[in-house]
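In: sequence and predicted model, in that order:
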Amino acid sequence: MLIKQLSIFLENKSGRLNEVSQILGSNGINMSAFSVADTSEFGILRLIVSDPERACKVLRDNQFSVSLTDVVCLNCPNEPGALAKALQILSDNKISIEYLYAYSMGDSANVVLKPDQLELCIKVLQEHQMELVKASELYKI
Amino acid sequence: MIWNEKIECASREEMEVIQSERLCDTVKRIYHNVPAYRKKMQEVGLTAYDIHGISDLHKLPFTIKTDLRDNYPFGLFTVPMSEIVRLHASSGTTGKPIVVGYTRKDIQMWAEVVSRSLTMAGVHRDDIVQIAYGYGLFTGGLGLHYGTENMGASVIPISGGNTHKQIQLMEDFGSSVLCCTPSYALNIAEVMKEMKVDIKNLKLRVGIFGAEPWSEAMRKDIEAKLGIKAIDIYGLSEIVGPGVSCECEHQCGMHVNEDHFLPEIINPETLEPMAPGEVGELVFTTITKEGIPLIRYRTRDLTRLIYDKCVCGRTLVRMEKCKGRSDDMLIIRGVNVFPSQVESVLLSMSEVEPHYLIIVDREGTLDKMSLMVEVQEQFFSDEIKKLEDLRVKIARKLDSVLGISVNVKLVEPKTIERTAGKAKRVIDNRKI
């Protein structure tokens, strides 16, 4: 249930994001999801890709600071209150979320999240019959 | 081993006799041969016959960088060009370069002081010395080169740059000594890591580093990363080049070759000589040089002199690692800031690389100091919070050491320019 997410340190300079996508593209690596967190000075690009290990290597070869982080991906119905239900479970179990990003696809939505207690988060979500996306499935999207 | 025991272990009295004799001789030569010097001396009411020994040294006028520029290129040479066998020039960041001419005897003297320095550093005839200082107008490469040959060790005259090749030759030839700038040594260590070269497979054991200021912390860093003893060598082209002074294996100050270069410490504000042991500006008088002798040349380097006998047995006066230069000192909002202080803060933190760039701007009437620091790959976190914490931690530490607030910018690894020569550490955008 653990998803390998790529995190890349980027300075706030034009063209850097483009460079990342060029490198991944030319290496035949597909992006399933991504988000950018930014401050005035720098940003962190978080990516789910088809081949995280290889993506990590090609980016490092191109002098990027990259790390692989374990995250979970929750699949919930694309309807009012669905996310709230999941967040309530986490809140009841005193699990904090460092960050999350989400996208919807027709009837359902994927929510990538980085909780402070990863194992516990997976456990409680599964106990409540929440659907977690397998890494192998997410990488293919 | 001591290269020239008679001189290097002479008593203070013996040394002062040598120095006095040589000083008087030098003053006579410049007074009679260089109009610019004669004029300067006459202006303060001196003739060559008023100088009877080193106790009269303080009467002589100072020489500064501008004097060399004003007499560009050969105006301060004491001998005709037919006697000059080599020219070196400093790069000169502003205006014209500074030109130094050497007679055949000067070149021999230089080789002698560099041989002494190498021996101090623990280098011997069986060593293979990789000279990664630039060869050319810069004195680093050729200075070390002649001294190494003179003492009988093997020279690899590879010059600066081409880091992959440097490392390859180190592996193939079994270089045991590396000579370069300390920042280039760190650069080599970095590339070694990238190339996955294990230092255990290298024969490197001594590094002789100079030409730019570096801190004790940086020394430890280089020693750990390259598995060597890092020795500080000091010199400036105006005086001769590298070999003016050098540390011995005990790393407790650089032994000044004072039978050739007579050191003094002055107060850079009042220009008065300071008591032994006090920190001030280092001033040199060359007392054997023929091509371009310099009288009381202000180096702008801040240090102090230690006259105690060293554990190694040498009695040559020692100068401490320079604490900065009286002219690269930044004054930011009235606070004196030395780039070396910033460096030692960064080196005390494992999370960042010791590569940095200080940028000083003036917004309105307020000076602002920014610092660009590279984030170590292994410390990079995917959480903004942690990176912000790191930024704040660096800024706090700088504040406590420097006494001013610094705007810290985290930048991607390897984005600050690496150089094979002197590293550019400061960009001052203020128009004062």
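Out: That came through fine.
In: give me the contacts around whichever strand or helix holds residue B:188.
Out: Counting by DSSP states H and E, the element that carries residue B:188 is helix B:182-194. Residues outside helix B:182-194 that contact it (CB atoms under 8 Å, 6 or more residues apart in numbering or on different chains): B:132, B:160, B:163-164, B:166-167, B:178, B:180, B:199, B:207, B:209-210, B:212, B:214, B:218-219, B:221-222, B:225-226, B:230, B:354-355, B:418-423. C-betas here are computed from N, CA, C, even on glycine.
In: chain center to that helix, what's the gap?
Out: Relative to the centre of its chain, helix B:182-194 is centred 19 Å away, using CA atoms, centre = their mean, to the nearest Å.
In: list buried residues within the contacts of helix B:182-194.
Out: Among those, those classed as buried by 16 or more other CB atoms under 10 Å in any protein chain shown are B:132, B:160, B:163, B:166-167, B:178, B:180, B:207, B:209-210, B:212, B:214, B:218-219, B:221-222, B:225-226, B:230, B:354-355, B:420-423.
In: just the strands in chain A please.
Out: Using DSSP state E, the strands found in chain A span residues A:3-11, A:31-38, A:42-49, A:65-77, A:97-105, A:108-115, A:131-132.
In: Provide the strand pairings for the shortest one, with the direction of each partner.
Out: Right, the one you point to is strand A:131-132. strand A:65-77 (antiparallel) (DSSP bridges).
In: how far does the partner strand sit from the chain's center?
Out: For strand A:65-77, the distance to the chain centre is 3 Å (CA atoms, centre = their mean).
In: tell me what angle it forms with strand A:97-105.
Out: Angle, strand A:65-77 to strand A:97-105, by axes from the mean of the first three to the mean of the last three CA atoms, to 10 degrees: 60 degrees.
In: buried residues in strand A:65-77?
Out: Neighbour counts over strand A:65-77 (16+ other CB under 10 Å) mark A:65-67, A:69, A:71-76 as buried.
In: where do the strands sit along the stretch 301-432 of chain B?
Out: With strands called from DSSP state E, counting those that start in this stretch, the stretch 301-432 of chain B shows them at B:305-306, B:318-319, B:330-332, B:335-337, B:352-363, B:366-375, B:406-411, B:426-428.
In: surely residue B:324 meets residue B:215?
Out: No. At 10.1 Å, residue B:324 does not count as touching residue B:215 under the criterion of CB atoms under 8 Å.
In: between the two, which has more neighbouring residues?
Out: The neighbour count for residue B:324 versus residue B:215, taken as other CB atoms under 10 Å in any protein chain shown, is higher for residue B:215 (23 against 19).
In: show me the contacts for the more buried one.
Out: Going by CB under 8 Å, 6+ apart, residue B:215 touches B:321, B:340, B:343-344, B:347.
In: one more: residue B:143?
Out: Shown in contact with residue B:143 (CB under 8 Å, 6+ apart): B:110, B:114, B:133, B:235, B:240-243.
In: any figure for the gap between it and chain A?
Out: 35 Å (CB to the nearest CB, to the nearest Å).
In: report the contact partners of the closest residue to that residue other than its chain neighbours.
Out: Sequence neighbours aside, residue B:241 is the residue nearest to residue B:143 in space, at 3.8 Å (criterion: CB to CB, 6 or more residues apart in numbering or on different chains). By CB under 8 Å, 6+ apart, the residues touching residue B:241 are B:88, B:110, B:139-140, B:142-143, B:235.
In: and the residue of chain A found nearest chain B, how many neighbours?
Out: Of all residues in chain A, residue A:7 sits closest to chain B, at 3.2 Å by CB to the nearest CB. Residue A:7 has 21 neighbouring residues, counting by other CB under 10 Å.
In: hmm, residue A:44 and it touching each other?
Out: Yes. Using CB under 8 Å, residue A:7 and residue A:44 qualify as a contacting pair, with a distance of 5.7 Å.
In: overlap in contacts of these two?
Out: Common contacts of residue A:7 and residue A:44, defined by CB under 8 Å, 6+ apart, comprise residue B:382.
In: quick check: the one residue sitting closest to the centre of chain A vs residue B:385, distance?
Out: Most central in chain A under CA atoms, centre = their mean is residue A:112, positioned 4.6 Å from the mean C-alpha point. Counting by CB to CB, to the nearest Å, the gap between residue A:112 and residue B:385 amounts to 18 Å.
In: having no further points to raise, I will conclude here.
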